[in-house]
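Visitor: Fold the following, please.
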Amino acid sequence: MTGRGIIVGSWLGTALFAVTAIPAAVGVGAFDGVAVGTALVLFFVSLPVWGLAFALAVSRSAQGDDIVVGNMFGSLGGAPHDVRVQLYASLVVSLVVAGGTAFADPFGVLVPMLALGLVGLWAARHGTFPPRGARGARQA
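Guide: Numbering: from 1, shown residues only. Presented below is the predicted three-dimensional model:
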């Protein structure tokens, strides 16, 4: 599977988030600080992921690929079905955990940014995009 490391990273981040946020949300006091710290670390990890995804997308766009937000995050640049399922499933699980535990750890709502950033990174690195055409060119 192309980009397996990105997919595994997405699931690892989501799993780490879940195993720290859920116990904190159900009242295990020992996990309170751990959940907050984990949420913040995962969010801060997402920042360079987003930066790298953006830089790769800009680079590929400059080389002639027609990369826009819709096809980068929506279709993952024509990603195979199994890749889309894995990345979007990780994102959905992360969103559900964030929504279900937000009352206990408000910082947890930042964590899905990692899974979403990894969706963009996979597309920017491995996606296939059409060449830029003249459809948006100005006419005199």
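
Visitor: same for the longest helix that the chain contains, what does it pack against?
Guide: Using DSSP state H, we find that the single longest helix of the chain is helix 32-62. Counting contacts by 3 or more Cβ pairs under 8 Å, 6 or more residues apart in numbering; DSSP states H and E, helix 32-62 packs against helix 4-25, helix 112-126. From N, CA and C alone the C-beta is placed, and that goes for glycine too.

Visitor: CSV for those helices, including mean pLDDT, mean neighbour count and distance to Ser59?
Guide: Formatted as CSV, these follow (pLDDT from 0 to 100; neighbours: other Cβ atoms under 10 Å; distance: least, Cβ to Cβ, whole Å):
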stretch, mean pLDDT, mean neighbour count, distance to Ser59
helix 4-25, 96, 19, 17
helix 112-126, 94, 24, 8
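
Visitor: out of these, nearest to Thr101?
Guide: For Thr101, the closest of the helices and strands packed on helix 32-62 is helix 4-25, at 4.0 Å, according to Cβ to Cβ.

Visitor: Using CSV, write out every CA atom in that closest one.
Guide: The C-alpha coordinates for helix 4-25 follow below in CSV (Å, rounded to 0.1, in the frame of the first residue of the first chain):
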residue,chain,number,x,y,z
ARG,A,4,1.7,3.0,4.4
GLY,A,5,3.8,5.0,7.0
ILE,A,6,1.3,8.0,6.7
ILE,A,7,-1.6,5.7,7.3
VAL,A,8,0.0,3.9,10.2
GLY,A,9,1.0,7.3,11.7
SER,A,10,-2.6,8.4,11.4
TRP,A,11,-3.9,5.4,13.3
LEU,A,12,-1.1,5.6,15.9
GLY,A,13,-2.0,9.2,16.7
THR,A,14,-5.7,8.4,16.9
ALA,A,15,-5.1,5.4,19.1
LEU,A,16,-2.8,7.3,21.4
PHE,A,17,-5.4,10.0,21.7
ALA,A,18,-8.2,7.5,22.4
VAL,A,19,-6.2,5.6,25.1
THR,A,20,-5.5,8.8,27.0
ALA,A,21,-8.6,10.8,26.4
ILE,A,22,-11.3,8.2,27.1
PRO,A,23,-10.0,7.2,30.6
ALA,A,24,-9.8,10.9,31.5
ALA,A,25,-13.3,11.4,30.3
